[in-house]
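Peer 1: what follows is a predicted protein model with its sequence.
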Amino acid sequence: STPAAVLSAISAGGRQGVLFKGGEHIETAGNVDAIAFDKTGTLTEGNTRLTDVRARETALSTDGGALDSDLLADSALEYNSNADDRLLALAAAVQSRSEHHLAEATVEAAADRSLEVAAASDFEAVVGKGVHATVDGQTIHIGNPRYVETVLEDRSIDGREIGLEAVRNLENKGKTSVLVVSETDEELSVLGWLAFTDTIRPDAAEMIEQLRERGVEQVVMLTGDNERVAQYIAEELGIDEVYASLLPEEKVDHIEALQERHEAVAMVGDGVNDAPALATADISIGMGGVGTDVALETADIVLMSDKLNRLPYAFALSKETRRTLY
Ligand code: ADP
Ligand code: MG
């Protein structure tokens, strides 16, 4: 039977918005000495917004089509052309079929501009890379540079270099960015690019500090987002170990590597792409406010509010409870 101390910890946790899905998790949580965080929706708010829309034709200067890097850098300020609207409407058509946070932000931005969004068919998602679908008789691909490298591979794409350079510039500013590529029978062509930002949770840095104070030796970030954006956010939060551009199975590999060196490894995540890593960790923690159903079902502990200080609290409560048991 469950010891009284564990039952009382479960109910104390409940009052503070920490849902332990079983007494055994209190014992494990009390031992955590390494913790891995997903980025999007966990360390950030997950309220992704579209900030830049740039049709390739409007990114080219009028004198012969040379690349104007200042124009690229400030593309949000330049947003006003019909070409940008057409690009956004096409992207929204594809993304209306996806539930990804980048997709939701794209559809929302098109709605804000009252753009007419066509129907898309043959939608397909490529995990950690992007999506494609048929719109108006052409295939529209939306994805990150890895999508271009692996899905479109070595096929020749008109505007490839300009598009990749623009995306790199935007990523350097901490923005998650994707290319939009059209495919017809004749050719592949970069139509433009989109960039997004998300807000770092205001209490995330303090939470990381509290975890370290409470004996967590190693804190890492595991994200499907690109390296430059991940580094930018990690620096803001005082996380020194970052692994970016990860597919769901690669997040699992990192959890397993941590397990070789630590007593108990916790993983905190919110997305479908985190589910395998959550299942591998010794203790998995889901975010109640924003998490997907899959992540919440997999989680051993659910933080019912989005107050991140509930996490160090949960570990402290567990540690204290263990002490009364042994
Ligand atoms: P995470 O939640 O850790 O950021 P994901 O695996 O969900 O990781 O996404 C990783 C990357 O894959 C995104 O940053 C984006 O570049 C690309 N991606 C995934 N889904 C989409 C989509 N619907 N549209 C465009 N890009 C996508
Ligand atoms: Mg996430």
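Peer 2: Arrived safely. Ligands and ions are numbered 1, 2, ... in the order given.
Peer 1: which strand runs longest in this protein?
Peer 2: strand 188-197 (DSSP state E).
Peer 1: isn't Arg146 right up against Val126?
Peer 2: No - contact between Arg146 and Val126 fails when scored by Cβ atoms under 8 Å: they sit 9.2 Å apart. (C-beta placed from N, C-alpha, C; glycine too.)
Peer 1: ok, back up a step: next helix or strand past the longest strand of the chain?
Peer 2: helix 204-213 (DSSP states H and E).
Peer 1: where do the strands sit along this protein?
Peer 2: Taking DSSP E as the criterion, the chain carries its strands at 18-20, 32-38, 49-55, 120-126, 130-135, 138-143, 157-158, 176-183, 188-197, 218-222, 241-243, 264-269, 283-287, 301-303.
Peer 1: format these as JSON lines; extra columns: mean pLDDT, distance to ligand 2 and mean neighbour count.
Peer 2: Below are these laid out as JSON lines (pLDDT from 0 to 100; distance: least, Cβ to the ion, whole Å; neighbours: other Cβ atoms under 10 Å):
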{"stretch": "strand 18-20", "mean pLDDT": "94", "distance to ligand 2": "20", "mean neighbour count": "23"}
{"stretch": "strand 32-38", "mean pLDDT": "96", "distance to ligand 2": "4", "mean neighbour count": "24"}
{"stretch": "strand 49-55", "mean pLDDT": "92", "distance to ligand 2": "16", "mean neighbour count": "22"}
{"stretch": "strand 120-126", "mean pLDDT": "97", "distance to ligand 2": "15", "mean neighbour count": "14"}
{"stretch": "strand 130-135", "mean pLDDT": "97", "distance to ligand 2": "16", "mean neighbour count": "22"}
{"stretch": "strand 138-143", "mean pLDDT": "97", "distance to ligand 2": "17", "mean neighbour count": "21"}
{"stretch": "strand 157-158", "mean pLDDT": "96", "distance to ligand 2": "29", "mean neighbour count": "17"}
{"stretch": "strand 176-183", "mean pLDDT": "97", "distance to ligand 2": "12", "mean neighbour count": "25"}
{"stretch": "strand 188-197", "mean pLDDT": "95", "distance to ligand 2": "13", "mean neighbour count": "23"}
{"stretch": "strand 218-222", "mean pLDDT": "97", "distance to ligand 2": "10", "mean neighbour count": "22"}
{"stretch": "strand 241-243", "mean pLDDT": "96", "distance to ligand 2": "14", "mean neighbour count": "16"}
{"stretch": "strand 264-269", "mean pLDDT": "95", "distance to ligand 2": "6", "mean neighbour count": "28"}
{"stretch": "strand 283-287", "mean pLDDT": "92", "distance to ligand 2": "9", "mean neighbour count": "28"}
{"stretch": "strand 301-303", "mean pLDDT": "93", "distance to ligand 2": "14", "mean neighbour count": "24"}
